[in-house]
Each structure stands twice: as structure tokens, then as C-alpha cells.
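**Student:** Please find the sequence and the predicted model below.
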Amino acid sequence: MGKERIEQKFAEKLASGEKLFIPYIMAGDGGLNVLEERICFLAECGVAAIELGIPFSDPTADGPTIQKAGVRALKNGTTLAGVLEILESFKTRREVPVILMTYINPIFHYGLERFAKACVRAGVDGVIIPDVPLEEEDLIAGFLHQHGIAFIRLVALTSPKERVVEIARRSEGFLYAVSVMGTTGVRQHHDEHVKEYLQTLKEVSPVPVLAGFGVSNGEQARDLGEYCDGVIVGSKIVDLFNEGKIKEIQELIKDSLMTRSKA
Amino acid sequence: MTTYTMPDKTGRYGNFGGRFVPELLMPALLELEEVYETAKNDPAFLQQVEYYLKQYVGRETPLYFAEQLTKKLGGPKIYLKREDLNHTGAHKINNTIGQALLTLRMGKKKVVAETGAGQHGVATATVCALFGLECIVFMGVEDIERQKLNVFRMEMLGAEVRGVSSGSGTLKDATNEALRYWAAHVTDTHYILGSAVGPHPFPLIVRDFQSVIGKETKRQIVEQTGKLPDAVVACVGGGSNSIGMFYPFIEDEFVKLYGVEAAGKGVDTDLHAATLTKGDVGILHGTLSKLLQDEHGQITEAFSISAGLDYPGVGPEHSHLHETKRVTYEAVTDEEALDAFQFLTKTEGIIPALESAHAVAYAMKLARTMSPDETMVICLSGRGDKDVEQVKSRLEER
Ligand SMILES: Cc1ncc(COP(=O)(O)O)c(C=O)c1O
């Protein structure tokens, strides 16, 4: 459970030569009643963990796709408390690590310590909070640590070396390498220097490094995966679920995890 | 007398403030902080700001003894700080001049901004025209509708106005979009935030550039009356004209300070923008402050007749001054603001911005509790030309 489950699961996969694939889905998009089904489906596709978004009214790190998914989820009455409750209801039926991604305000409003405790009860293993940088993490880091929940830090293309080192040192579970300048959303390709960036992160990070933001097809996933430990795919997965293209999701994950023939 | 030293090094005003932004933006905030710290101690920079404020903006603005208003209300002597007489018609330009000069100092050539009423957008587009900076302004589609004239002004000035239709299509949503844009272009673009909100160091920078209002007022009132005022009143949207007015008076404990929020249709309805009066603590747009939110921490939409006050958050320093009770925050309704708008126009021949009319409305109530040997200053943050069309249709509906 918690941080240890992520570490163990990731270590197993990496040891067997697999890359890590984390899909992002928005809780409550399509209704909370499909959450279990979607998580189990993704687990069967061979993902390393699930990043589960909690909708927020003002998601400043997200592009149009995830913004819209958040609006749909909020219309469905999705709340942080509601999601935690549902996760608790089927926690014994899942083995795949679940990582919550939400902005700080819903957590702050719920209560920081109460949130950390609720994560344990709900079988949540890690947390990603995009609007809490190093400078502000004392607000919540202690509570998460105390309850064994992995606090996954994000590093950006603009982070200078000293910050990269410090962020990587603190990150738990894995290091989230934001790999575009800007918000989440499908991109056709990443800049050349992203590869260098990922290589640098690999050199300094004591935990696995995963690239996220803008990754939207198998080719990109494999490309970036060569320089780090895996990828996080958000907007594309959200789109495909929304369009009911379940088979395509399966193919995307399979394609992303295909090992490259070393030519 | 206690000395006031907010914010601390981490951008905290007591329990409020901070910088809750994605890592992508942190290096830019740290750079801005550093550049600002050196700039504010650089006499050449300060001289440059002063030069443009004097020669271009037209400062200092008068502190006008409103004799007719004083007579009609029969209370204290009332003085109006005439920020409406600034170039572009509001206090907003005090901040944009300063931030544009910081932009140049950072070697950046592009600027992004958000705007509600369009006053900050116009003030930004203006300084960008002046200093040859590229300018993109995000504005909610609802506000574009309410403030067409300002959209046209910005475009004339060479800015690109981008409509934002997400959320309620108002200032909050325009700010989200400006932050997203900034994240994608942070290496060559400066974000000229328009109020004393957002992540550190913005609340500090905006306060400092707006403090010219309070500094001038302090000197002018002493020149005219021989003493400091008994009461100072200013409207609070994000809180820039008010903090600029209040800050130089904070240590003068006997000067009573009043911030006036928008109560929209009433603070007991869901339709208001009275963040300090009715909101609770949370984090929005990079700062920990009071805000309007539901029981799940989702930000709720603000409501006010005045686009410039229609924001569900407030600057962190105001939350602090509210908590310590150094400033008293009150709220006035759309109807009260409309009445004050007409009253000031008729008695003094000054058409105030609807935002400023909120300050006037509360001042009129406060005047009844004060005596003729006392003095009161109202910050008249802007002129009302932009609002006459809206006021006309509202009055016809009455
Ligand atoms: C004339 C005028 N006064 C006041 C405000 C409110 O902003 P602040 O509280 O930052 O002064 C605005 C905002 O657009 C404005 O245009």
C-alpha cells in the first residue's frame, strides 16, 4: 500500500525490462459508476499505475481536453470526498497503484491531514499536486509522509539544475518530468532538447523518471521512453474514453510498451 | 506604533500569500523577484518610473475637496483622490508603467495580461504601445460583451484581445487563460498581472507601484488640512487601488481604513463578489487568501454590476489586514453603487467608474456617523465613461 506499492510495482516492471506506462483519467467523466470498470480495464492492459484526476473548477495546468473532462465530471457531481469513497469501496479488488492528481484547493478545503488519512483508507498510493512547488510543499508534505502516501514531485523544462536535483531528491515513487512548455494536451512531437532534459533527469534522479504532458501515441511514448523509465498519457486517453474508443486505448498502451528492436 | 513589514521573504502576509504555481513558472517568479529587488533600490529605475508617471500619466493626481458632496452629506469634509484623471482613466496604469519597465529590464519583448472591465487591459496595451512591446490580453467573453469600447481601445493600441469562454467567461477565467499562456511562453513573455493578487512577488510589486496613490494623498491632505485624515475609503476588487491607498497609512493607527467590496444583489444571496465578507480561506491563482468557493473547494462565480470587482478572490494582504482588523471591509450592493454613481455625478460633476462608485456608496453611509471636524478621503479609482451605457440600460430597467 501507498508509496511502497508504487516502488515495488515499478521495480518489478523495470527489472523485467518493461517500460512504465501511466494513463490519466478524469474521475467522474462518464459518471463515477464507470470508475471501477475503467481502472480494472486499464490494469488489465498492463499499466504500471493509474493517475486519477479529481476535477477542479480552475485547472490552470491543463489544456482544453482535460478542462472539458473536468467540466463534465463536475456536472456529474464529482467531488474529492465522493471519489475517495468509491475508491475505498473496491480497494480490495484492485492491485494497480492509484495516484490522485488534483490542485491544492480541493485538498486544502477537505483538510490536509484528513485528506492524507482518507487516502490510506481509500487505498490511494500517491498524490500529484501541480500547483504546489518546492517553496510551498511544507503545507502538505509532512502529512503525506506520515501516512506513507507517495508525494510525487514535478520538474519542468525551465527548472535550473539545482532545482532539478533538489526536486528529484525529494520525489517519492517517481519523478514527473513535465515535457512541454505549457499545459497538458495532445502534441504531435516533443522538442529535440526534451531528450537531453530526460537524460539529465535520469542522471540525477534516485527514483524512476516518467515523461508526461503532450504524449499521445505509441511512437512518441517509445521515443521518450528510450531516455527515461516511461510515460504518462493523459489527454489522448481522456479523449478516447470520451469517444468510447476502448479498443484504441488498448492498442495505444500495447503500442507504447512494445520493445524496440535494437537496430 | 508597530512597524509593518509584510510580506516576509517567502511572500507571506501572516497566514496568507505564497506562490502556488506549477514548477514551470517558479523560475520566472524567482527571476522577477530578483529583478524587482534590484530595480526598487536602483535610483535610475525609480527615476524612470517617476518620469513616466509625471510626464505621461499626468501625476500627481489632485486630492480634491468635494465641497458640494460634503455639504449635501453634512458630515466630515470629503476629499476625492482623483485617480480617474490619470491617462487611460484609472489607477491601473500606475502598475502597468512600472511592470512594463521591469519587462524591459528583464530583456523580454512580449507581454500577456488578463482583464475584467478592460481597464487593466487598456492600461497594459497603452504601455506596450509606448514601449514597443507585443501584447496579448485575455478577456472573458461575458466581459467583452459588457465592455465593448475597451476591447476596441485595446485593439486600436495594437494589442491582441483573446476571448475566453470557459467557466463564466469573466475575470477569473481570463486569469486562468493568461496563466496558461504564460506557462507556454514564459521564456520571452512577462505577465503583467493587474491587481494585488496572484503568486508572490505580484501582490508586492503591484502594491508598491500603486502606493503612489497613498503617498501623494498623505502629503496632500496634510498640506490642505494640516493633519492626517480620520477615514480612508477605497473599493476592493483584487485590491490594487485600495492597497495602494492604504499601505502608506497602515502604521498610522488612528487613520481608519475601509475597503469596500461588491455585494451584487446582496451578501445574503448567491450573487455577490464580497470575498472578505462572505468567503473562506483557499488557494486560487497562486495565492492563499480568502475566496468564494463551495463546500468541495470548487471556486464559485462572483457577481457584480461592476466588471472590475467581479472576482471570487482577493489579494492576500487584504486577507491579512482583514484578519488583524487593521482594515474594515464592508460590502455595498449594485443598487447602492448605482445610486452613488448618479449622486456623485449630479453633485460634483464627476462621473465615477462603477467600481469607484462602490467606495462612494459606502462613504456616504459612513459620513452619517462622522462629524464636520473630521475628514475623509475616498479613492476615486477611475472614471465612468466606460460604464455609462450599462448604467443607462440598468436605470431604464428600474
Ligand atoms: C476603476 C477601477 N477601480 C477598481 C478596480 C478594481 O480593481 P482593484 O481592486 O485591483 O483596484 C478596477 C478593476 O478593473 C477598476 O477598473
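**Tutor:** Great, that's in hand.

**Student:** first to last residue in stretch B:308-323, what's the distance?
**Tutor:** From the first residue to the last, stretch B:308-323 extends over 24 Å; the measure is Cα to Cα, to the nearest Å.

**Student:** quick one: it to chain centroid distance?
**Tutor:** A distance of 10 Å separates the centroid of the chain from that of stretch B:308-323, by Cα atoms, centre = their mean, to the nearest Å.

**Student:** same question, stretch A:97-114
**Tutor:** Shown here is stretch A:97-114, whose average C-alpha point lies 14 Å from the average C-alpha point of the whole chain (Cα atoms, centre = their mean).

**Student:** Show me which residues of that stretch are buried.
**Tutor:** For stretch A:97-114, the buried set under the neighbour-count rule, 16 or more other Cβ atoms under 10 Å in any protein chain shown, comprises A:97-110, A:112. Glycine gets a C-beta too; all of them are placed from N, C-alpha and C.

**Student:** which element is the single nearest residue of the stretch 1-150 of chain A relative to the ligand on?
**Tutor:** The ligand sits closest to residue A:58 of the stretch 1-150 of chain A, with a gap of 18.8 Å, by Cβ to the nearest ligand atom. With secondary structure defined by DSSP states H and E, residue A:58 is part of neither a helix nor a strand.

**Student:** same check, this time on the one 10 residues further on
**Tutor:** The secondary structure element spanning residue A:68 is helix A:64-75 (assigned by DSSP H and E).

**Student:** rewinding a little: which ones among the buried residues of stretch A:97-114 map onto strands?
**Tutor:** A:98, A:99, A:100, A:101 (DSSP state E).

**Student:** hmm, back to that, keep only those of the buried residues of stretch A:97-114 that are also close to chain B.
**Tutor:** Contacts with chain B within the buried residues of stretch A:97-114, counted by Cβ under 8 Å from any Cβ of the partner chain: A:103, A:104, A:105, A:106, A:107, A:108, A:109, A:110.

**Student:** so what's residue B:142 scoring on pLDDT?
**Tutor:** Turning to residue B:142, the model gives it a pLDDT of 88.

**Student:** Pull out the buried positions in the one helix or strand it maps to.
**Tutor:** Residue B:142 is part of helix B:141-146, with elements assigned from DSSP H and E. Neighbour-count burial for helix B:141-146, counted by 16+ other Cβ under 10 Å, picks out B:141, B:142, B:143, B:144, B:146.

**Student:** Show me what from the stretch 151-300 of chain B comes close to chain A.
**Tutor:** Contact residues (Cβ under 8 Å from any Cβ) of the stretch 151-300 of chain B with chain A: B:166-167, B:172, B:176, B:179-180, B:183-187, B:281-286, B:293, B:295-300.

**Student:** right, and the helix or strand after the lengthiest helix in chain A?
**Tutor:** For chain A, the helix with the greatest residue count under DSSP state H is helix A:2-15. The helix or strand immediately downstream of helix A:2-15 is strand A:20-26, counting by DSSP H and E.

**Student:** Give the other helices and strands that that next one contacts.
**Tutor:** Where contact means 3 or more Cβ pairs under 8 Å, 6 or more residues apart in numbering or on different chains; DSSP states H and E, strand A:20-26 is packed against helix A:2-15, helix A:35-44, strand A:50-53, helix A:64-75, strand A:209-212, strand A:230-233, helix A:235-242, helix A:246-257.

**Student:** Give me the angle between the fourth one and helix A:235-242.
**Tutor:** Here helix A:64-75 runs at an angle of 50 degrees relative to helix A:235-242 (axes from the mean of the first three to the mean of the last three Cα atoms, to 10 degrees).

**Student:** Give me the residues contacting helix A:64-75.
**Tutor:** In this structure, residues lying in contact with helix A:64-75 by Cβ atoms under 8 Å, 6 or more residues apart in numbering or on different chains are A:24, A:26-30, A:53, A:55-57, A:59, A:62, A:184-186, A:234-235, A:238-239, A:242, B:166, B:298.

**Student:** Those, buried ones only, as a ChimeraX selection?
**Tutor:** Here is the ChimeraX selection string for the buried members of the contacts of helix A:64-75, based on 16+ other Cβ under 10 Å:
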select /A:24,26,27,28,29,30,53,55,56,57,59,62,184,185,186,234,235,238,239 /B:166,298
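
**Student:** how many neighbours does residue 253 have?
**Tutor:** You didn't say which chain, so I picked chain A. 21 (other Cβ atoms under 10 Å in any protein chain shown).

**Student:** Oops, wrong one, chain B.
**Tutor:** Other residues near residue B:253 come to 11 when the count uses other Cβ under 10 Å.

**Student:** How about the secondary structure of it?
**Tutor:** Secondary structure of residue B:253, reduced to three states by DSSP: H, G, I helix; E, B strand; the rest coil: coil.

**Student:** The ligand versus that one, what's the distance?
**Tutor:** Residue B:253 is 23 Å from the ligand, where distance means Cβ to the nearest ligand atom, to the nearest Å.

**Student:** Enumerate the residues of chain B near the ligand.
**Tutor:** Chain B has residues B:90, B:92, B:116-117, B:119-120, B:195, B:235-242, B:308-309, B:353, B:355-356, B:381-382 near the ligand, with proximity defined as Cβ under 6 Å from any ligand atom.

**Student:** before we move on, back to that, adding distance to the ligand, write the helices and strands packed on strand A:20-26 out as JSON lines.
**Tutor:** Below are the helices and strands packed on strand A:20-26 laid out as JSON lines (distance: least, Cβ to the nearest ligand atom, whole Å):
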{"stretch": "helix A:2-15", "distance to the ligand": "43"}
{"stretch": "helix A:35-44", "distance to the ligand": "42"}
{"stretch": "strand A:50-53", "distance to the ligand": "32"}
{"stretch": "helix A:64-75", "distance to the ligand": "25"}
{"stretch": "strand A:209-212", "distance to the ligand": "36"}
{"stretch": "strand A:230-233", "distance to the ligand": "38"}
{"stretch": "helix A:235-242", "distance to the ligand": "34"}
{"stretch": "helix A:246-257", "distance to the ligand": "46"}
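
**Student:** Quick check: residue B:39 touching residue B:105?
**Tutor:** Yes - the pair residue B:39 and residue B:105 qualifies as a contact (Cβ atoms under 8 Å) at a distance of 6.0 Å.

**Student:** okay, these two: which has more neighbours?
**Tutor:** When residue B:39 is set against residue B:105 and neighbours are counted by other Cβ under 10 Å, the residue ahead is residue B:39, at 19 against 16.

**Student:** For the more buried one, give me its contacts.
**Tutor:** In this structure, residue B:39 makes contact with B:45, B:101, B:102, B:105, judged by Cβ under 8 Å, 6+ apart.

**Student:** Quick check: the first one is in a strand.
**Tutor:** The reference is to residue B:45. No - checked against three-state DSSP, residue B:45 lies outside a strand; its state is helix.

**Student:** Return the distance of it relative to the ligand.
**Tutor:** For residue B:45, the distance to the ligand under the criterion Cβ to the nearest ligand atom works out to 23 Å.

**Student:** So that residue is in contact with residue B:101, correct?
**Tutor:** Yes - if you go by Cβ under 8 Å, residue B:45 and residue B:101 touch, sitting 6.8 Å apart.

**Student:** tell me the SS of the residue nearest to residue B:93 when sequence neighbours are not counted?
**Tutor:** In space, residue B:93 comes closest to residue B:123 once its chain neighbours are excluded; the distance is 4.2 Å by Cβ to Cβ, 6 or more residues apart in numbering or on different chains. Using three-state DSSP, the three-state assignment for residue B:123 comes out as helix.
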